[in-house]
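**Student:** 3D, please:
(one chain, ligands or ions: 1)
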Amino acid sequence: MKQQLQLIWGVKYMEKAQIGVVGGLGHIGLIQAACLAKLGYKTTGYDKNISKVEDILKGKLPFYEPGLHEIVEETLKNGLLKFTSSVDDLKSCDLIFICVGTPSLPNGEADVSQVFASVEEVVRNRKSPCTVVIKSTVPLGTNRKVAKYLEEKGLQDKAVIVSNPEFLQEGSGVRNFWEPSRIIVGAQSGEIAETIARLYSPPGVPVIITTWENAELIKHAANAFLANKISFINEIAVLCEKVGGDIRVVSRGIGLDPRINPYFLEAGVGFSGPCLEKDLKSLIAQFHKKGKQAKLLESVLEVNEEKRKEVVHKLKEQLGTLAGKHIGVLGMAFKAETDDVRDSHSLPIVRYLLSLGAMLTVHDPWVKSFREAGFSEADFPGVKWVQTPYEAAEGKDALLILTAWPEYRELDLARIRDSLVHPLIVDGRNLFDPREMKAANIMYLGVGI
Ligand code: UDX
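**Tutor:** Numbers count the residues shown, from 1 in each chain. Sure thing, here's the model as predicted:
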């Protein structure tokens, strides 16, 4: 396999390139580090969090991602993958990927302080120059600013800056690494850009070598377009409900047009997670910074926020008031097949329900408490976690589905109906056929159906 990969990928860099990944235990960083090691590159994942480094060396990954555990185990064993919490261990690396977070600031702008700090940290004490590849999603002009920043610090001869945005989806990140839809490289030198693209692009995959700014724009515009598709179908869903239409049929009908395609046209409670919303807000803030409005993008965000309120309003319409009502909530992760609750739509929905006086019992197959998900239990007063969806339904006034976990589709509807005080399900993910629910004598309110 290695020989075959050597022929196809990276060729002459294979044996000698030493790669560092900063933010090596984050979602993007760990997938990047492990898959590069699997390709045969000597790779060191650097993360400041010592306990996370200790955990991974004992075989405990900081999050679940299908297929990742096996690759980490194999590459740690064969010595191609290492982890460290000391930046000095990156001194011998020729290529350093920056995969640190760029969280949203209260005004929607992305906080790029970790990117600047990481680049300076890895470059400062080097003897030989290296290529710094920025994978973190950064606002327009950041790569140029980082290069200027190094110049101001007199470090310009120590590093060449390259932008190489990531397009990994949680839950299929490893597959996305092996089968990327495209590789985008923004650089000032075509030769260096070619090297980065050759490093891990499989044959036949389109490569776009361009400027820093275009690479930054491609990343933001791609996520904004995906968000746009979701809000579009969610807006049409509103009308479907009014005229007795079925958004699933409408979505299929429009998605069969190859100019539209069927992806990201599933109506529901809206998009969430650590990227789409953050990157959309950051893009809007970039328009504002340039004195321009982003009317379409602002509406995409508004429709999304409306969708979250809509499921709560549906419960309220049926139950009269939510004060003192017991609601079972199914799904806290921002989507199925991930244990990631960061920026999940479920959090603001739970907060909204609590603010209206509802009493909540929540279930998620992979997340077992707010604490486990990185939050304080005190921020969600009185919320009870249970082990099964049936416990979440037991004695409740209604059930609210927020994440499309496959196991929820398999629920025994008669058992759920008998557990509920009111046989009412509000489904923010359209997991069921309304006819099935009708047959089970459950009042079922989906999105656009
Ligand atoms: C996203 C981008 O897809 C990826 O390219 C980028 O690198 C990171 O951000 P991810 O955050 O893993 O990936 O989630 P994604 O699969 O895109 O889903 C985002 C949200 O949209 C989820 O809440 C999902 O449930 C929702 N969604 C998706 C819909 O509501 N309808 C759809 O049709 C598709």
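**Student:** how about the CA coordinates for stretch 59-77, as CSV?
**Tutor:** Extracted C-alpha coordinates of stretch 59-77, given in CSV (Å, rounded to 0.1, in the frame of the first residue of the first chain):
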residue,chain,number,x,y,z
GLY,A,59,-5.1,5.4,23.0
LYS,A,60,-7.9,7.7,24.1
LEU,A,61,-9.0,10.1,21.3
PRO,A,62,-10.5,13.5,22.2
PHE,A,63,-13.6,12.9,20.1
TYR,A,64,-15.2,10.2,17.9
GLU,A,65,-14.7,10.2,14.2
PRO,A,66,-15.4,7.1,12.1
GLY,A,67,-12.2,5.3,11.0
LEU,A,68,-9.8,7.7,12.9
HIS,A,69,-9.0,5.5,15.9
GLU,A,70,-7.6,2.7,13.7
ILE,A,71,-5.3,5.1,11.8
VAL,A,72,-4.0,6.8,15.0
GLU,A,73,-3.4,3.4,16.6
GLU,A,74,-1.5,2.1,13.5
THR,A,75,0.6,5.2,12.9
LEU,A,76,1.5,5.6,16.5
LYS,A,77,2.6,2.0,16.6
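**Student:** how about that stretch: buried residues?
**Tutor:** Using 16 or more other C-beta atoms under 10 Å as the test for burial, stretch 59-77 gives 61, 62, 65, 68, 71, 72, 75, 76. All C-beta atoms are positioned from the backbone trio N, CA, C, and that covers glycine.
**Student:** can you tell me the element the third one falls in?
**Tutor:** Using DSSP states H and E, residue 65 is not contained in any helix or strand.
**Student:** which residues touch the nearest residue to it once chain neighbours are set aside?
**Tutor:** Excluding the flanking residues, the one nearest residue 65 by C-beta to C-beta, 6 or more residues apart in numbering is residue 173, at 5.4 Å. Contact partners of residue 173, counting by C-beta atoms under 8 Å, 6 or more residues apart in numbering, are 27, 28, 31, 65, 68.
**Student:** what about residue 128, distance to the ligand?
**Tutor:** 32 Å (C-beta to the nearest ligand atom, to the nearest Å).
**Student:** part of a strand, is that residue?
**Tutor:** No - counting by DSSP: H, G, I helix; E, B strand; the rest coil, residue 128 falls outside a strand, being coil.
**Student:** per-residue pLDDT, residue 342?
**Tutor:** For residue 342, the pLDDT comes out at 86.
**Student:** and the helix or strand where residue 161 lies, average pLDDT?
**Tutor:** Residue 161 belongs to strand 159-163 when assigned by DSSP H and E. Strand 159-163 carries an average pLDDT of 97.
**Student:** which residues are in contact with it?
**Tutor:** Contacts for strand 159-163 (C-beta under 8 Å, 6+ apart): 119, 122-123, 126, 129-134, 138, 143, 146-147, 150, 184-189, 192-193, 196, 212, 215-216.
**Student:** with stretch 442-449 instead?
**Tutor:** Contacts for stretch 442-449 (C-beta under 8 Å, 6+ apart): 233-234, 236-238, 240-241, 245-248, 250, 267-269, 307, 310-311, 314, 318, 413, 416-417, 420, 422-430, 432, 434, 437-438.
**Student:** how far is it from where the chain is centred?
**Tutor:** 27 Å (C-alpha atoms, centre = their mean, to the nearest Å).
**Student:** what's the answer for stretch 274-283, then?
**Tutor:** Averaging C-alpha positions (C-alpha atoms, centre = their mean) puts stretch 274-283 10 Å from its chain's average.
**Student:** can you tell me if it touches the ligand.
**Tutor:** Yes - for stretch 274-283, a contact with the ligand is found by C-beta under 6 Å from any ligand atom, at 275, 276.
**Student:** and if you look at stretch 414-434?
**Tutor:** No - Stretch 414-434 lies out of reach of the ligand by C-beta under 6 Å from any ligand atom, never closer than 7.7 Å.
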